[in-house]
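the following comprises the amino acid sequence and a computationally predicted model.
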Amino acid sequence: MAERLYRDTGVVLRTYKLGEADRIVVILGQHHGKVRAVAKGVRKTRSKFGARLEPLSHIRVLMHQGRQLDVVSQVELVDGDHLPLGDLDRTTQGLALVEAVEMLAPDREPVPHLYQMLVGALRTLGRTSSPMVVPAFYLKVLAAEGVRPELDLCVSCGEDGPLVAFDLDHGGALCRSCRSGSPMSPAALDVLRAMLGGRLNDVLEMGASPVSAEVSHLATHAFEHHIERRLRAVAMFERL
Ligand SMILES: [Zn+2]
């Protein structure tokens, strides 16, 4: 029986317990995509091995490919890529990023753009605790998935403004006469445009404010909506 070993660099998306001593880790690898693997014995000892396999760790791994679950054989941290420990706010934001990626990434299918976006967003979180990192990630993911929201014209009638609502069911911003979905302030619209228009660094200067809360709500809602639609599409496909 030929053993299949492979190496990859990846981010730990999630971990859960398996039996007394083992842990299952879900990793998004640069080359192998989303993979579930067993890390044996990590919960028995306080091994460095186990500490490296926490959510948000950026790691290089050597794996044995298994029939269902792969097995982690070696793991080392990629230097300089950790979130500041003890910073609960950034950790919470980082966990929102990996949770989103876990929902989006198919099993064992390379998604290099998603991997790059995730590593980029985690590095950004290493530099700033701006509340706009996660909403910007959601919007950029939507754009990468081919559902970039229209923010310049009303998606229903083509009027250029004022745009007062946001509804991803229709594809983006809506004017007063066509409005549906969530109401949207002019300030929030500006931030959304800046995020998708190459001015992310300006947005990341923003602290927490009613506008940042509104943008966060709009982006989260749009992202969840996209995920639900995809899950429905998958369910339909599986019934066929
Ligand atoms: Zn309209």
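Perfect, thanks for sending it.

who does V38 bridge with?
For V38, the beta-bridge partners are I24, V71 (DSSP bridges).

hang on, isn't it packed against V71?
Yes: with contact defined as CB atoms under 8 Å, V38 counts as touching V71 (5.2 Å). For the C-beta atoms, the positions are set from N, CA and C on the backbone; glycine is no exception.

write out the residues of the chain neighbouring the ion.
Residues of the chain found near the ion (CB under 5 Å from the ion) are 154, 156-157, 159, 175, 178.

could I have the buried ones of those residues as ChimeraX selection syntax?
To isolate the buried subset of the residues of the chain next to the ion in ChimeraX, counting by 16 or more other CB atoms under 10 Å, use the following:
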select :154,156,175,178
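
endpoints of stretch 38-54, how far apart?
13 Å (CA to CA, to the nearest Å).

measure Q30 to the ion for me?
43 Å (CB to the ion, to the nearest Å).

list the contacts of that residue.
8-10, 110, 112, 115 (CB atoms under 8 Å, 6 or more residues apart in numbering).

how much space separates it from R108?
13 Å (CB to CB, to the nearest Å).

cool, and V141?
Taking CB to CB, one finds V141 at 20 Å from R108.

try L69
Counting by CB to CB, the gap from L69 to R108 is 12 Å.

name the helix or strand of this structure that has the lowest mean pLDDT.
helix 48-51 (a mean of 75; mean pLDDT, DSSP states H and E).

what about the strands in this protein?
In the chain, the segments counted as strands under DSSP state E are 5-18, 22-29, 33-39, 58-64, 70-77, 163-167, 172-175, 182-183.

mind listing residues that contact the shortest one?
With CB under 8 Å, 6+ apart as the contact definition, strand 182-183 has outside contacts at 164-167, 217-218, 221.

and if we set it to 7 Å?
164-166, 218, 221 (CB atoms under 7 Å, 6 or more residues apart in numbering).

next one: the fifth one
Under the criterion CB under 7 Å, 6+ apart, residues 25, 35, 37-40, 49, 52-53, 57-64 lie in contact with strand 70-77.

that's all I had, so thanks and see you.
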